[in-house]
Every structure is written in C-alpha cells, then in structure tokens.
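K.L.:
With the sequence up front, the predicted model follows.
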Amino acid sequence: MKPKISAGTLFKNHWLKVLPDGVQFYESSIGFSARRFRFEQIACVLMSADNELSFQVGNEVFSIPATPLKPAHRVAIDALVAGLQEPPRLRK
C-alpha cells in the first residue's frame, strides 16, 4: 500500500500518493487526471503553519491540506521527505 494523503471539500478533491520513485498528485480543479513527478523533479517541500503541504516542480507549486497528527498523513509526509533525501542513484 502506497502512503497517501486525501483531502476534499465540497468544491475540490485532491490526493497525494508517495511512490517508490516519486509522487502522484491529483487535484480536481487542475484537471481530470493525476500528475506524476519523480523525486528529482521536486525542488522543495514546505509545511505551512496552517498544515498545508506544498511542493514545487519547476515553476509550479502544488498544495494539499495535511494533518501531521493523522497516522496516514504522517506516514505519507515521512515517505515523501525520505524519498527526497535518498541519492538518485539508490532509487529504484
């Protein structure tokens, strides 16, 4: 099972899955299909004071509400950070 953060409101649904080689991100307001990014493409990851997890790929920033105290969200956040810290040659 891949670590996943899901968040949704009445007007927007989105999720982030952490894969062995990167992430898959879906946001209903930016289209109907998920976008996939390799860890090498991610320039930075930030967690705001209001628990918004954001990552930058090129000139685009993608954000999702995350609750670090939720076990599933914590696992996904930790997996994302761990994936970014691995040297590229060791990634599968």
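P.N.:
Noted; the coordinates are in hand. Numbering: from 1, shown residues only.
K.L.:
Identify the residues contacting the helix or strand where residue 5 lies?
P.N.:
Here residue 5, judged by DSSP states H and E, is contained in strand 4-8. For strand 4-8, contacts defined as C-beta atoms under 8 Å, 6 or more residues apart in numbering pick out 13-18, 53, 64-66, 72-73, 76-77. Quick note: C-beta positions are derived from backbone N, CA and C, even for glycine.
K.L.:
got it, and stretch 71-79?
P.N.:
Here stretch 71-79 has contacts from 3-5, 16-18, 47, 53, 66-68, using C-beta under 8 Å, 6+ apart.
K.L.:
at 10 Å instead, please
P.N.:
1-7, 15-20, 23, 45, 47, 51, 53, 64-68, 70 (C-beta atoms under 10 Å, 6 or more residues apart in numbering).
K.L.:
If any of these are buried, put those into a PyMOL selection.
P.N.:
In PyMOL syntax, the buried subset of the contacts of stretch 71-79 is picked out as below (16 or more other C-beta atoms under 10 Å):
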select buried, resi 3+5+6+7+15+16+17+18+23+53+64+65+66
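K.L.:
Not counting its neighbours along the chain, what's nearest the residue nearest the centre of the chain?
P.N.:
Nearest to the mean C-alpha position of the chain, by C-alpha atoms, centre = their mean, lies residue 16 at 4.5 Å. Distances taken as C-beta to C-beta, 6 or more residues apart in numbering put residue 5 closest to residue 16, at 4.8 Å, once the chain neighbours are dropped.
K.L.:
any idea how far that neighbour lies from residue 87?
P.N.:
25 Å (C-beta to C-beta, to the nearest Å).
K.L.:
quick check, residue 44 in a strand?
P.N.:
Yes - Residue 44 forms part of a strand when assessed by DSSP: H, G, I helix; E, B strand; the rest coil.
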